[in-house]
Every structure is written in structure tokens, then in C-alpha cells.
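**Q** turn this into a model:
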Amino acid sequence: MYWLLENIQSLIFQINAALLISHSMRRDSVLAVVLNSEEEAILFSGRYLRNYRPDLQSASGLILKTILSRNLRREGIRILSLGNLRKKIGKILEIFILKPDCKPLEECLKNLPAVFIMPSNIKYGCLEKMKIHGNEASIPNIEYFEDHHIITVVHNIVDKRLEE
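**A** Residues are numbered from 1 along each chain as shown. Modelled structure (predicted):
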């Protein structure tokens, strides 16, 4: 919980990058955030999220209210155990662990939907906690980007793939 409070601004940037587009919401995107010290994850679903405001105060209030009330379902935000999150991820064929010095994502991405695991998850040990294995892929200069930048680049790659 303390990790979340310390990194709330970064989390909101990630939510905004994953779920928002100009004047709308990406209905086909889901962001899962594994809580660092707990056996839970928060799932943000673009399909069900309503009345989300991207500013720091409104978004952080909504997130903290969900966590503190222990309301497992709240307008597109769900709290899941890691076991349930593993089951959801296990149904998706393509899992990519994004890290430097790997094959470019554009060459690896064959099927959608896909799961993209950010470099910070490697740093915080979430892969070991989740017991997730996947293909390693990269985007150019990934080591210089924060997660919300990487999410934006991945969305551009996926959108181009959908146009083909």
C-alpha cells in the first residue's frame, strides 16, 4: 500500500496512457497494477471505467477510495488476487516482457489480444510473484522511458497492427 501512495502520480500517468485517447476512453485496454507488498492487483478496465477524470486529485481519490473501502468492484476498477490475475492472463496467447536489448516488438507481435509487461515489473520482482513467462521484446530506447511512455509507444504499435 505504501508503494502505491509513494508512486501515485506515476500510476495515474500509466492509467492515463493506457486508457485515455483524445476525448474518449480506450474500450479495448486493461491495465493491471500489482501491489508491491501485497498479494493483490488492481485492474483498470477501459470498457467499464466511467466518470474517470485524469487529474491527480480526482484519479488518486478514486483509486484510494476503492482500495480503502475494499470494494472489489467499482466502475471499471477491480481488486484481484494474484491467482485470479494469473488465470486472466493465462487465457491470452501473447505475453511480452518488455526489456532492453531484445527483438523489436513490431517483429514479435503476431496476435491480439496481448499482454505487455513493463520493465518496472521486472525491477520490483512482480514476475517472480506472478510466475509469468513470456516472449522478450523491446522498443527503441526503452531504457530511457518511464512506463507511461512505453505504454504510449506500445499502443502506437498495436494500433498500426490493427490497421493492417
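
**Q** just give me the residue right at the centre of the protein.
**A** Leu31 (3.3 Å; C-alpha atoms, centre = their mean).

**Q** does that residue count as helix, strand or coil?
**A** Secondary structure, DSSP: H, G, I helix; E, B strand; the rest coil: Leu31 is strand.

**Q** tell me the contacts of it?
**A** 14-15, 18-19, 43-44, 151 (C-beta atoms under 8 Å, 6 or more residues apart in numbering). C-beta: built from backbone N, CA, C; applies to glycine.

**Q** ok, now Leu85?
**A** Leu85 makes contact with 32, 34, 41, 43, 130, according to C-beta under 8 Å, 6+ apart.

**Q** burial count for the second one?
**A** Using other C-beta atoms under 10 Å as the criterion, Val34 is surrounded by 21 other residues.

**Q** distance-wise, check it relative to Ile142.
**A** 20 Å (C-beta to C-beta, to the nearest Å).

**Q** what of the fourth one?
**A** Distance check for Leu43 against Ile142: by C-beta to C-beta, it reads 24 Å.

**Q** now the third one
**A** Spatial separation of Ala41 from Ile142 under the definition C-beta to C-beta is 23 Å.

**Q** so between these two, which is more surrounded?
**A** More neighbours surround Ala41 than the other of Ala41 and Ile142, with 22 against 19 (other C-beta under 10 Å).

**Q** that one bridge partners, please.
**A** Residues in a beta bridge with Ala41, per DSSP bridges, are Val34, Leu80.

**Q** quick one, what contacts Val158?
**A** Each residue near Val158 by C-beta under 8 Å, 6+ apart is listed here: 109, 112, 114.
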